[in-house]
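Enquirer: Give me a 3D structure for the following:
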Amino acid sequence: MKPIQFVYLAIFVPVAWVIAVLAILVAIAGVNAVPANDIRTCGSICYKSQPNCPPQSTATIVGHCWTCCTQNERLD
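Expert: So this is what the prediction gives:
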């Protein structure tokens, strides 16, 4: 085996496998999209305690804050 062939086998083949595996993982992640009925619109106001939300909204913890979220309607 020539030295250049060894370098090709030692470097480029493993890199090609890593790229192929990453491409497969990205494809799988793209298939697992969030259903439209699970998407909520949340306000950007951060409350320290549970707020009294307007009708059709629910108090939800987002990160370390309470906020009011509204369920989006499906468009299909």
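Enquirer: does residue 55 sit in a helix, a strand or a coil?
Expert: coil (DSSP: H, G, I helix; E, B strand; the rest coil).
Enquirer: Numbering from 43 from now on, please.
Expert: New numbering, starting at 43: the last item is residue 97.
Enquirer: Neighbours of it, how many?
Expert: Using other C-beta atoms under 10 Å, residue 97 is surrounded by 5 other residues. (C-beta placed from N, C-alpha, C; glycine too.)
Enquirer: Next, the contact list for it, please.
Expert: Listed by C-beta atoms under 8 Å, 6 or more residues apart in numbering, residue 97 has no contact partners.
Enquirer: Tell me the backbone dihedrals of it, please.
Expert: phi -60, psi 150 (degrees, to the nearest 10).
Enquirer: Could you measure from it over to residue 110?
Expert: To residue 110, residue 97 is 11 Å away according to C-beta to C-beta, to the nearest Å.
Enquirer: can you check residue 64 too?
Expert: 39 Å.
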